[in-house]
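J.: Test case, fold it:
(chains A, B, C and D)
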Protein chains: 2
Amino acid sequence: MTRLTRKETHAQTRERLLETATRVFLADGYNATSVEKVAAEAGFSKGAVYSNFATKHELGLAVLDRVRLERAGSLAAAVSGAADLESRVAAFGAWAEENIGDVGWTTLEVEFATSTRRVPGVRTDLAARRRALTAAVADLVEQQAAELGVTLRQSAEDLAVQLLSLGIGLGVQRAFDPELPVRSLVDLLRGAL
Amino acid sequence: MTRLTRKETHAQTRERLLETATRVFLADGYNATSVEKVAAEAGFSKGAVYSNFATKHELGLAVLDRVRLERAGSLAAAVSGAADLESRVAAFGAWAEENIGDVGWTTLEVEFATSTRRVPGVRTDLAARRRALTAAVADLVEQQAAELGVTLRQSAEDLAVQLLSLGIGLGVQRAFDPELPVRSLVDLLRGAL
DNA sequence: GTCTATAAATCGATAGAC
DNA sequence: GTCTATCGATTTATAGAC
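T.: Numbering: from 1, shown residues only, chains lettered A, B, ... in the order given. The predicted model follows:
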């Protein structure tokens, strides 16, 4: 064990800032959170943030990447834990109930996207990420269908678009009306099998 | 023709402010538009705005009501103009292509909702409006189904939630990736008949 | 690399004149 | 009722010390 190089402490600071930003953005929203608050909660000053991220937007994008990766893992784990088709669908429903809307994930994605859609660089980034995410969901759907031996009534790509869009729409509405059930997501999935 | 009473000029100013705010909010977004810009574009000063609306949030809610009413009328007109089932579905598809996402409507609704979801008064307002809108869509669906003699495969209420959620999700994504087609909305509708 | 200090700009909202 | 002027608070981002 040698002492950390400059590069390593830099990466460590960046990681801690990302962790904190993720937590605060999810709790309070993107617009309502100042860069200063993120820095303070992480035990740094604003300068440290701007030493690791060029702009607040860049920090926001990095946070979104982080959350998306984590949730994708949690979904994959939840789904693949179940054996047969019916329990996989049920597992998906349970995951959706916990992850769509009220935890702030959807809301953060959407607030960021709508608030920064005029910023030239960010906009193209968001578009690229959307396509990657859709493709990933389509792959997951296809793989699951093959594994379980079911044939889809539409292309995996179309189903992925529908699932993602419906999830976004439900999540947005649940952000200010948590009583709205996510049942329709499971309905959509069942109807497609 | 007598000269306008104080009440009438007040209402006139309010109307002009609403018109202008609608246009600017749709074009530039809610957060990016200052109260001062709305006032200036309408030919007034900020004071006139705050004489007609208590806060910027209240102005935002009034704008949303206005737009929603107008779009609801345009949808009803588009749908009822067609005679048989197939052409009504097609009319709906054409309306969706023009109204979901790229015109800024969905984006404005969603940006406002996600940015103000922590504001106590606004939040309950949004929830009430969501329920009213869902009920209105459910009514429209039910009425159309009865008129055309088709039976739905699920409750009109559930279908309304799905249509609205899918529309919101597609609209949000189209805001930064306009190439995403709205086809799935029509697919969903067809599948429910 | 990080911190302190501050720039530079903007915003929502209010007070008082007219 | 509307306008002018301004408050007061906050923001992102930067410059220079350490």
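
J.: Residue A:126 - how many residues pack around it?
T.: Other residues lying near residue A:126 total 22 when counted by other Cβ atoms under 10 Å in any protein chain shown. All C-beta atoms are positioned from the backbone trio N, CA, C, and that covers glycine.

J.: correction: residue A:145
T.: Each residue near residue A:145 was counted by other Cβ under 10 Å, and the total is 17.

J.: tell me the secondary structure for it?
T.: helix (DSSP: H, G, I helix; E, B strand; the rest coil).

J.: Not counting sequence-adjacent ones, nearest residue to it?
T.: residue A:152 (5.6 Å; Cβ to Cβ, 6 or more residues apart in numbering or on different chains).

J.: And for that neighbour, the neighbour number?
T.: A count of nearby residues for residue A:152, using other Cβ under 10 Å, gives 13.

J.: any chance you could read off phi and psi for it?
T.: Per-residue torsions, residue A:152: phi -80, psi 150 (degrees, to the nearest 10).

J.: residues in contact with it?
T.: Residues in contact with residue A:152 (Cβ atoms under 8 Å, 6 or more residues apart in numbering or on different chains) are A:141, A:145, A:159, A:192-193.

J.: by how many degrees do the host helix or strand of residue A:175 and helix B:156-176 diverge?
T.: Assigned by DSSP states H and E, residue A:175 belongs to helix A:156-176. Per axes from the mean of the first three to the mean of the last three Cα atoms, to 10 degrees, the angle that helix A:156-176 makes with helix B:156-176 is 100 degrees.

J.: Skipping its backbone neighbours, what lies nearest the residue nearest the centre of chain A in space?
T.: For chain A, the residue nearest the mean C-alpha position is residue A:68 (3.0 Å; Cα atoms, centre = their mean). Closest residue to residue A:68 apart from its sequence neighbours, by Cβ to Cβ, 6+ apart: residue A:133 at 6.7 Å.

J.: Quick one: neighbours of that neighbour, just the number.
T.: Considering only other Cβ under 10 Å, residue A:133 is surrounded by 16 other residues.

J.: distance of it from residue A:111?
T.: 17 Å (Cβ to Cβ, to the nearest Å).

J.: Residue A:87 too?
T.: 34 Å.

J.: Residue A:186 and residue A:96 touch, don't they?
T.: Yes - Residue A:186 lies in contact with residue A:96 (Cβ atoms under 8 Å); the separation is 7.1 Å.

J.: So for the two, which residue has more residues nearby?
T.: Neighbours per residue (other Cβ under 10 Å) separate residue A:186 from residue A:96, with residue A:96 holding more: 23 against 17.

J.: Let me know the secondary structure of residue A:150.
T.: At residue A:150, secondary structure determined by three-state DSSP is coil.

J.: how deep is residue A:31 tucked in, by neighbour count?
T.: Using other Cβ under 10 Å, the number of residues around residue A:31 comes to 17.

J.: backbone phi and psi for residue A:33, please?
T.: With angles defined as degrees, to the nearest 10, residue A:33 sits at phi -100, psi 120.

J.: wait, what's in contact with it?
T.: Neighbours of residue A:33 in contact, by Cβ under 8 Å, 6+ apart: A:21, A:24-25.

J.: Inside helices: which ones of those?
T.: Using DSSP state H, the members of the contacts of residue A:33 that fall in helices are A:21, A:24-25.

J.: burial count for whichever residue of chain A sits closest to DNA strand C?
T.: At 2.4 Å from DNA strand C, residue A:47 is the closest residue in chain A, using Cβ to the nearest atom of the strand. By the criterion of other Cβ under 10 Å, residue A:47 has 9 neighbours.

J.: residues in contact with it?
T.: The contact partners of residue A:47, by Cβ under 8 Å, 6+ apart, come to none.

J.: Show me the helices in chain A, by range?
T.: A:6-28, A:35-41, A:46-52, A:56-80, A:85-99, A:105-115, A:120-148, A:156-176, A:183-192.

J.: for the last one, packing partners?
T.: Helix A:183-192 sits against helix A:85-99, helix A:156-176, helix B:156-176, with contacts defined as 3 or more Cβ pairs under 8 Å, 6 or more residues apart in numbering or on different chains; DSSP states H and E.

J.: hmm, back to that, ok and the helix holding residue A:175 relative to helix A:120-148, angle-wise?
T.: Inter-element angle recorded for helix A:156-176 and helix A:120-148: 120 degrees (by the same axes, to 10 degrees).
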